[in-house]
Each structure stands twice: as structure tokens, then as C-alpha cells.
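K.L.:
Okay, predicted coordinates and the sequence, questions at the end:
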Amino acid sequence: MPPHASTSPRKKAGKAPGAKKKPASTRCLITSLPSDLYPSIFHEAIDHDNFVLCRALLPHTLAELYRLVELSDVDVLVQFAAAVMRRPWLVEEVREIMLRDDDAVDDCSGEILWATTGLLGGYGQLGTFDALKVAQDVLTDLSPSFNVVGMYFIRPLLLNDSLLQDRWPRLNTIILNLDEADDGWTYTSDAELVHSLAKVATLEHLVFRFAPHDLPIDLLNLGPRVSVPARSLRLRSFAVEKHFRIGRDIRVLLAGLAADCLRTVKIEGLLAYPDIMHDLALLPPTVDHLDLKLGNNCPYYDHSAKHPKLADIAWHMPSLEHLHLGGDIVSRATFDVIYALPRLYCLSLSQHTSIDADRLLSLLRGGPSTWPRIRRLTVSICECPEPAKGPSTRCLEHTAQSKTPNWPPNFGENDAKQLVQICNGKDIRLSGSILCATGECDSDDEHDCPGWGTERIVEARRRKRKVED
């Protein structure tokens with residue numbers, strides 16, 4: 001009997017042993033979408049760790065990666081210059097250039113070497129890029145927005161009149177950040193900065209961020225090289241963000257903002273001088289968006305700090321449409337201001353504001369024709385933990401959020417429920433943690449929910465279990 005014929009390996013496995021597998025081809029489904037959707041998709045999905053999709057999408061991927069360019073040393077700057085020279089169309093995709101100083105660090109101690117020649121001269125590791133002609137030309141064509149991290153870039157970049165006029169013809173936005181390394185470093189006054197920036201005709205947005213000391217202006221506002229003439233800063237928006245203490249020097253800036261173009265003002269700090277609310281009258285009447293916040297966020301807010309209250313500015317802001325208030329800067333007089341803002345339709349009362357229930361509910365129900373008609377309302381309730389009983393460390397006191405809402409003295413849970421009902425009946429768009437505090441928030445909604453609703457459910461189950469037992 002002939003031996004049983006064995007099955008051919010090729011028939012059994014489909015391929016002979018050792019044969020190379022042909023790579024499976026996959027189709028990139030994103031390419032089937034309209035190309036005008038790519039920017040919004042890539043803005044959410046593309047970063048340096050996830051950008052390889054397919055060859056057809058390479059131009060769109062590069063465009064998204066070049067929206068924000070971070071330059072920290074000369075080598076990176078040269079590489080960036082070479083990249084945009086190979087693909088000139090990428091120049092139009094750059095929206096923001098971040099200049100971050102790579103400080104000289106001692107390898108043994110890890111401390112910054114302040115005594116280096118470059119730092120003493122006001123330059124960081126990028127201070128020598130004037131010698132790089134190709135890089136200089138590239139930055140001239142770019143620079144729609146500068147995000148400067150580290151005060152040492154101010155002098156080489158922004159304190160030279162010829163540089164400002166010749167190098168940055170497209171400069172639209174400047175964000176000046178104080179680097180962590182600058183803390184404690186004594187540097188000479190840069191009071192010429194704002195005076196110089198007033199000469200940049202294309203500049204529309206100016207932000208000072210993380211400054212622990214005075215702003216780079218002259219408080220006396222005297223001298224031909226440091227003075228900021230009244231209404232000379234032709235900006236659309238001006239912001240002081242995350243400032244440690246806002247001092248009287250901000251008056252010079254408020255008075256220097258031009259009236260025919262300014263729309264948005266944001267002032268944010270841990271502390272402020274007593275007359276800051278009164279000095280808001282220096283702002284031009286064209287402002288339609290005002291954001292004021294004093295104090296830190298939950299759970300780090302210092303409830304012992306005393307802040308000035310917003311009052312007596314309504315007559316100076318007839319165009320105000322958006323008002324955002326945060327911290328203990330609200331009083332009954334604040335609602336008199338709100339009542340006198342006829343064009344106001346967006347109101348935000350953030351954490352730690354002393355909300356007056358009667359006045360807020362009256363505003364929402366509607367009153368005289370001179371009162372504003374609120375269409376968007378944000379109310380956020382304090383999430384700070386209650387002071388710990390007995391000995392505890394400051395670190396432990398400020399790490400956890402409260403398990404229940406910390407209602408303002410004149411605004412409780414019943415008031416919040418009335419507010420929700422009024423907003424539903426008046427078709428007012430309501431947001432903020434007040435929805436979480438009243439059990440109205442959607443668990444699928446994209447917001448930073450403090451979990452008060454979950455705590456309510458857990459507590460209800462606990463009570464039910466006790467009753468059953």
C-alpha cells in the first residue's frame with residue numbers, strides 16, 4: 001500500500017516555509033474626509049510623539065507641527081532655519097515662536113551659573129543668533145507671535161529700535177514670560193520696553209506673564225526713552241496674567257492703551273494695590289471684554305487675603321459685553337456696576353466671589369430696560385477643603401478638594417436651584433461648577449467636575465444602607 005501522501009506545506013499554510021510575507025496595505029481613512037477638516041483634526045491629535053500617518057497627509061502633518069516652534073539654543077535655531085528653507089511654504093504655517101533660554105547649569109550642583117558672560121550681558125544661549133544671517137532672515141519672515149520665556153531675551157530682541165522696525169515686520173503678538181530661573185535674579189530696569197513696543201505698528205496683542213516684581217515701565221513715566229504717552233499703545237488686547245502683586249505701575253499701561261482699537265483687557269494676580277479697581281477708569285471706553293481675577297485657584301486660595309472690590313466703573317465702560325470676575329472682588333456694589341452695563345450679555349462669577357443671591361436672581365429675572373440681558377452665565381463654587389482640625393502640614397491642607405460645595409455666605413443651595421430654573425426658563429446658557437453642586441451636570445460633559453454628584457450618590461447609598469440595617 002503506497003504511503004499516504006502528505007499535504008503540501010504550500011497548500012496547508014498558503015506559503016512555502018521561509019517565504020517573505022507581503023506587507024498588508026492599509027488605507028488611511030482620513031484622506032477620504034474634506035481637506036478643510038484636517039487642521040481641526042490635527043490640532044487635537046498631532047504632536048511630536050504621534051505624527052506618522054501616511055505619505056498623503058505629510059504636508060498637513062508638518063503644517064500642524066510648525067504651528068508652534070520652540071527654539072532653545074543656536075543648533076535648534078539653525079535646524080529650523082534649514083527646514084523652512086527646504087519647504088518655504090511652512091513659513092506661512094508658523095503661528096507662534098517660543099524662545100526659551102537654555103541656562104548654563106553646573107553639572108555637579110545643578111545650579112544655574114549666573115556669572116556667565118552671556119547672561120550678564122542680557123543674553124541666553126540664543127543671544128548669538130545675530131551672527132547667523134540665514135536664521136536672522138528666516139525670523140524676519142516669520143514672527144507673527146513671540147512667546148518669550150526668560151527676561152534675558154528682552155534686551156537683544158525687543159530693546160533695540162532698529163531691530164523692532166526692521167526685523168519684525170509681521171510681529172502681531174508678544175507674550176513675555178518670567179522664567180523660573182529669573183526668580184531672585186537682580187537685573188537692570190527694562191523700563192524702555194513698552195516705550196519701544198509702542199513703535200511696532202503691527203503689534204496688536206501684548207501679554208505680561210508670571211512677573212513677581214514691577215512691570216518693565218517707569219512709574220513716574222518721565223524721560224524720552226522710557227515714557228509711555230497716553231493712548232500710544234495701539235493694541236487690541238492687553239493682559240497681565242499670573243502676576244504676583246499688581247502695583248501702581250500698571251496705571252501707566254492702562255492710560256497708555258489707545259481708545260480706537262482696544263477690545264480685551266485681562267488683569268490677574270495674587271495681590272493688588274488698593275486703588276486698582278478705581279484706576280480701571282483709565283481704560284478707554286472701547287473695551288468690550290474685561291477679565292479680573294485676584295487670588296489663586298482652588299484648592300490653594302488664601303482666604304485671609306483682602307482684595308479691593310469692583311465698583312464705580314460702569315460709566316467708563318459703556319461697550320462692555322463680557323465680564324469675568326474671580327476671587328473675593330465682588331460686593332453688593334459690584335451688582336450696581338453690572339446693572340449699569342447695558343450691552344453686557346456674558347457674565348462669569350468664578351470661585352471665591354461673594355455672590356449676592358437676591359441681586360443676581362433679580363438680574364436674571366429681568367428688570368428695568370436699562371439693565372443688561374444676560375444670555376451666558378458661568379457660576380463656579382469654591383472647592384477648597386475646610387481647614388483641617390488639629391495639627392497638619394500646609395502641604396496636606398492644600399492637596400485635596402472639598403467633598404461638598406463651599407457656598408458663599410449669601411448664596412446657598414436653594415438659591416442655586418432657583419438660578420438653574422430661571423436660566424432654563426429664560427434660555428440662558430449656564431455653565432460652571434454650580435451645575436455639579438446642584439446635581440445638574442452631565443457626566444459625559446467635558447468639564448473638570450469636582451465629583452460632588454458622585455459624593456451625593458455615595459452618601460445616599462450609605463444612608464439607605466443604614467436604614468435597611
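P.N.:
Received it, and whenever you're ready, just let me know what you need.
K.L.:
Please make it C-alpha for all contacts and neighbour counts, starting now.
P.N.:
Noted.
K.L.:
Sketch out the strands for the stretch 151-300 of the chain, chain order is fine.
P.N.:
Listed in chain order, the strands found in the stretch 151-300 of the chain under DSSP state E, counting those that start in this stretch are 173-177, 205-209, 237-246, 264-272, 289-294.
K.L.:
Now mean pLDDT, mean neighbour count and distance to Cys384 too, for these, in a markdown table please.
P.N.:
Converted to a markdown table, the strands of the stretch 151-300 of the chain look like this (pLDDT from 0 to 100; neighbours: other C-alpha atoms under 10 Å; distance: least, C-alpha to C-alpha, whole Å):
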| stretch | mean pLDDT | mean neighbour count | distance to Cys384 |
| --- | --- | --- | --- |
| strand 173-177 | 83 | 21 | 28 |
| strand 205-209 | 90 | 20 | 25 |
| strand 237-246 | 92 | 21 | 19 |
| strand 264-272 | 95 | 20 | 16 |
| strand 289-294 | 97 | 20 | 16 |
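K.L.:
With distance to Gln351 as added columns, please give those strands in JSON lines.
P.N.:
Output for the strands of the stretch 151-300 of the chain, formatted as JSON lines (distance: least, C-alpha to C-alpha, whole Å):
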{"stretch": "strand 173-177", "distance to Gln351": "25"}
{"stretch": "strand 205-209", "distance to Gln351": "21"}
{"stretch": "strand 237-246", "distance to Gln351": "16"}
{"stretch": "strand 264-272", "distance to Gln351": "14"}
{"stretch": "strand 289-294", "distance to Gln351": "10"}
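K.L.:
so which of those strands gets nearest Ser331?
P.N.:
strand 289-294 (14.0 Å; C-alpha to C-alpha).
K.L.:
Determine the set of other helices and strands touching the helix or strand following that closest one.
P.N.:
As assigned by DSSP states H and E, the chain's next helix or strand after strand 289-294 is strand 322-326. Helices and strands touching strand 322-326, as assessed by 3 or more C-alpha pairs under 8 Å, 6 or more residues apart in numbering; DSSP states H and E, comprise strand 289-294, strand 346-349.
K.L.:
Just want the angle from strand 322-326 to strand 289-294.
P.N.:
Following axes from the mean of the first three to the mean of the last three C-alpha atoms, to 10 degrees, one obtains 10 degrees for the angle between strand 322-326 and strand 289-294.
K.L.:
and the very next helix or strand once past strand 322-326, what's its mean pLDDT?
P.N.:
Following the chain from strand 322-326 toward its C-terminal end, the next helix or strand by DSSP H and E is helix 332-339. Averaged over helix 332-339, pLDDT sits at 94.
K.L.:
which residues are contacting helix 332-339?
P.N.:
If you take C-alpha atoms under 8 Å, 6 or more residues apart in numbering as the criterion, helix 332-339 is touched by 309-314, 344, 356, 359-360, 363, 370-372.
K.L.:
Rebuild the helices and strands packed on strand 322-326 as JSON lines, extending it with distance to His324.
P.N.:
JSON lines is the format used below for the helices and strands packed on strand 322-326 (distance: least, C-alpha to C-alpha, whole Å):
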{"stretch": "strand 289-294", "distance to His324": "5"}
{"stretch": "strand 346-349", "distance to His324": "5"}
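K.L.:
thinking again about what came up before, of the contacts of helix 332-339, grab the buried ones for PyMOL.
P.N.:
Isolation of the buried members of the contacts of helix 332-339 (16 or more other C-alpha atoms under 10 Å) is achieved in PyMOL through the command below:
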select buried, resi 309+310+311+312+313+314+344+356+360+363+371+372
